[in-house]
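# Sequence unavailable; structure follows:
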Ligand code: HEM
């Protein structure tokens with residue numbers, strides 16, 4: 001339907017240069033919720049600042065991982081249930097890392113922010129609403145990982 005098509009079209013616009021938008025996304029996330037920075041530890045070491053984190057290859061890999069999950073959701077719009085097990089497991093992993101479910105609201109706000117920056121005038125109220133719904137579906141399944 002029209003909503004799914006809009007999601008696919010807008011996603012293909014930003015994924016011409018995915019890492020750039022991914023960095024905008026997580027820069028915004030750390031501005032809104034700086035306490036998330038210390039959750040990113042590689043080899044037991046965490047970053048002393050959001051800037052250090054955003055500049056590190058390990059963290060950029062996490063951005064790529066996040067983008068690949070969104071990409072999978074966009075690709076599977078017709079059959080999100082095929083991702084259920086994966087997403088619930090991903091939620092469980094993030095719970096174990098110490099991420100609070102509530103932080104995923106900030107992640108969602110930051111995603112909409114990055115899409116707005118990336119799409120410019122193509123970011124309409126409909127675009128925002130469609131993406132908010134898609135993100136909510138993804139997080140809804142991930143949230144089951146906090147319950148089990
Ligand atoms: C793995 C933190 C949000 C997808 C990780 C890891 C950390 C982490 C510390 C392990 C290290 C790594 O693989 O780089 C966080 C924090 C988040 C967040 C603090 C924000 C609150 C997300 C979101 C997604 C996501 C929104 C996708 C929708 C992944 C994936 C992995 C991962 C796919 C790899 C899991 C695996 O190895 O099986 N995350 N994450 N993360 N994260 Fe996140």
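Right, received. Where do you want to start? Keep in mind the model is a prediction, meaning the values are calculated, not measured.

# model confidence over stretch 10-29, on average?
Mean pLDDT, stretch 10-29: 96.

# Okay, buried residues for that stretch please.
Judged by neighbour count (16 or more other Cβ atoms under 10 Å), stretch 10-29 contains these buried residues: 10-11, 13-15, 18, 21-29. In short, each C-beta sits where N, CA and C put it, glycine included.

# residue contacts, residue 137?
Taking Cβ atoms under 8 Å, 6 or more residues apart in numbering as the contact definition, residue 137 lies against 73, 80.

# Look at it and give its secondary structure.
Classification of residue 137 by DSSP: H, G, I helix; E, B strand; the rest coil places it in helix.

# Distance check, it against residue 69.
Using Cβ to Cβ, to the nearest Å, residue 137 is found at 12 Å from residue 69.

# Show me where the protein has its helices.
2-14, 18-32, 50-54, 57-75, 84-97, 103-119, 125-147 (DSSP state H).

# Centre-most residue in the chain?
residue 66 (5.3 Å; Cα atoms, centre = their mean).

# doesn't residue 19 make contact with that residue?
No: at 10.8 Å, residue 66 does not count as touching residue 19 under the criterion of Cβ atoms under 8 Å.

# Give me the contact status of the helix or strand of the chain with the lowest mean pLDDT with the ligand.
Of all regular secondary-structure elements in the chain, judged by mean pLDDT, DSSP states H and E, the least confident is strand 45-46 with a mean of 93. No: shown here: strand 45-46 not in contact with the ligand (Cβ under 6 Å from any ligand atom), separated by at least 9.4 Å.

# now that strand, how far from the chain's geometric center?
Relative to the chain's own centre, strand 45-46 is displaced by 22 Å; criterion: Cα atoms, centre = their mean, to the nearest Å.

# tally of neighbours for residue 71?
The criterion is other Cβ atoms under 10 Å. On that basis, residue 71 has 14 neighbouring residues.

# er, residue 141 actually
A count of nearby residues for residue 141, using other Cβ under 10 Å, gives 19.

# Check what pLDDT it gets.
Among the per-residue scores, residue 141 shows a pLDDT of 95.

# Pull the contacting residues for it.
Applying Cβ under 8 Å, 6+ apart, one finds that residue 141 lies in contact with 80, 83-84, 87-88, 91.

# Farthest-apart pair in those residues, please.
Farthest apart among those by Cβ to Cβ are 80 and 91. That separation is 14.3 Å.
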